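# Just the structure for this:
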Amino acid sequence: MRRQRIRLLPLVLSLALAGGAAAAWSTTANAATGPICSRFGSTVQGDYYVQNNVWGSTATQCINVTGNGFQITRQDGVNASGPVSYPSIFLGCHYTLCSPGLRTPRRISGIGSARSSISYTFANAKYAAAYDIWLDPTPRTNGVNQQEIMIWFNRSATPQPIGSVTGTASVGGRSWQVWTGSNGSNNVISYVSASAISSWSFDVKAFLNDSIARGHGSSSWYLTSIQAGFEPWAGGIGLTVNSFSASVT
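A predicted model of the protein is given here:
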């Protein structure tokens with residue numbers, strides 16, 4: 001049940017995914033405020049799950065879950081070549097956890113819209129602030145999906161997406177640099193904003209459509225989850241998702 005994520009450059013891919021023993025997720029049944037310090041701890045928050053998800057380090061990380069999001073309150077991990085974790089809030093299914101607001105994956109061809117909104121507070125750290133959207137040919141509720149779509153709202157100087165720049169895009173009325181590649185476990189397409197976006201309301205379906213048009217996924221595939229959070233590489237205290245919402249119609 002461990003989240004198999006890699007946000008590394010190709011030369012250091014082997015460092016991130018060692019294929020070790022699966023880690024058990026610990027879950028709080030009801031929405032709550034307060035800290036989560038367990039590596040794979042999570043809690044229900046209304047229609048969503050909030051997860052700590054320290055997949056790339058054994059160092060301590062804590063998040064404080066709020067009524068609308070979460071804040072990183074401790075982050076001791078350091079990784080020169082990739083993120084140590086992906087604390088996030090999500091709608092959908094992720095490693096057997098299926099949120100109350102979307103308990104089953106949805107076929108993309110049947111989705112009219114997938115509205116989402118986010119409000120971030122950034123901090124002085126080495127990190128990326130990003131959505132993580134997962135697609136798969138099957139209605140998967142566990143394990144690694146075949147296609148990952150990332151939307152990079154902000155980043156510090158060093159982090160960069162998987163792969164290389166393969167183009168530009170205009171999606172949702174904004175301009176994006178497009179990166180594509182593979183982390184050895186799944187394909188990744190990343191949309192990187194040239195400037196920080198601290199809050200935005202948009203239709204995730206527009207990114208699904210653009211990704212599919214570029215050959216990354218298919219309308220017959222399934223949207224399994226919409227996630228929003230941070231990838232800290234070093235530091236990260238104070239990084240906050242102030243509010244998040246997502247719905248699929």
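# which residues does the residue nearest the centre of the chain contact?
By Cα atoms, centre = their mean, the chain has its centre lying nearest to D132, at 3.1 Å. Applying Cβ atoms under 8 Å, 6 or more residues apart in numbering, we find D132 in contact with 86, 88, 90, 148-150, 225, 227-229. No exception for glycine: its C-beta is placed from N, CA and C like everyone else's.
# let's go with 6 Å and repeat that
Contacts here follow Cβ atoms under 6 Å, 6 or more residues apart in numbering; on that basis D132 touches 150, 227.
# repeat for G235
A125.
# try it again with 8 Å
Contacts for G235 were tallied using Cβ under 8 Å, 6+ apart; they are 75, 123-127.
# Name the residues of stretch 63-72 that are buried.
Within stretch 63-72, the residues scored as buried using 16 or more other Cβ atoms under 10 Å are 63-66, 69-72.
# Residues in contact with it: which ones?
Outside of stretch 63-72, the residues within contact range by Cβ under 8 Å, 6+ apart are 31-36, 43, 45, 50, 52, 61-62, 73, 87, 89, 119, 121, 123, 229-230, 232, 236-244.
# Just the buried residues out of these, in PyMOL syntax.
Command for PyMOL, covering only those of the contacts of stretch 63-72 found buried under the criterion 16+ other Cβ under 10 Å:
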select buried, resi 31+35+36+43+45+50+52+61+62+73+87+89+119+123+229+230+232+236+237+239+240+241+243+244
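# Take the contacts of stretch 63-72 and keep only those in strands.
With strands defined by DSSP state E, the entries of the contacts of stretch 63-72 inside them are 34-36, 43, 45, 50, 61-62, 73, 89, 119, 121, 229-230, 232, 240-244.
# So, low pLDDT: which residues of this protein?
Residue ranges of the chain with pLDDT under 70: 1-33.
# Assign L91 to helix, strand or coil.
strand (DSSP: H, G, I helix; E, B strand; the rest coil).
# Pull the number of nearby residues for it.
Using other Cβ atoms under 10 Å, L91 is surrounded by 26 other residues.
# State which helix of the chain is the longest.
With secondary structure taken from DSSP state H, the chain has its longest helix at helix 204-213.
# Show me what that one is in contact with.
Under the criterion Cβ under 8 Å, 6+ apart, residues 108, 111-116, 131, 133, 135, 147, 149, 151, 169, 171-172, 189, 191, 217-219, 223, 226, 246 lie in contact with helix 204-213.
# since we're on the closest residue to Y222 other than its chain neighbours, how many residues are nearby?
Closest residue in space to Y222, ignoring its immediate chain neighbours: P105 at 3.9 Å, by Cβ to Cβ, 6 or more residues apart in numbering. Other residues lying near P105 total 23 when counted by other Cβ under 10 Å.
# Mind jotting down where the helices sit in the chain?
Under DSSP H, the chain gives helices at 13-16, 204-213.
# And the longest one, what's buried?
Within helix 204-213, the residues that qualify as buried by neighbour count (16+ other Cβ under 10 Å) are 204-212.
# Looking at those residues, spot the one nearest N183.
Using Cβ to Cβ, S211 comes nearest to N183 of the buried residues of helix 204-213, at 16.0 Å.
# Pretty sure A196 sits against T121.
No - in this structure, A196 is not within contact of T121 by Cβ atoms under 8 Å, at 11.1 Å.
# What residues does W221 make contact with?
Neighbours of W221 in contact, by Cβ under 8 Å, 6+ apart: 107-108, 135-137, 146-147.
# swap the cut-off to 6 Å and go again
Here W221 is in contact with 108, 135, 137 (criterion: Cβ under 6 Å, 6+ apart).
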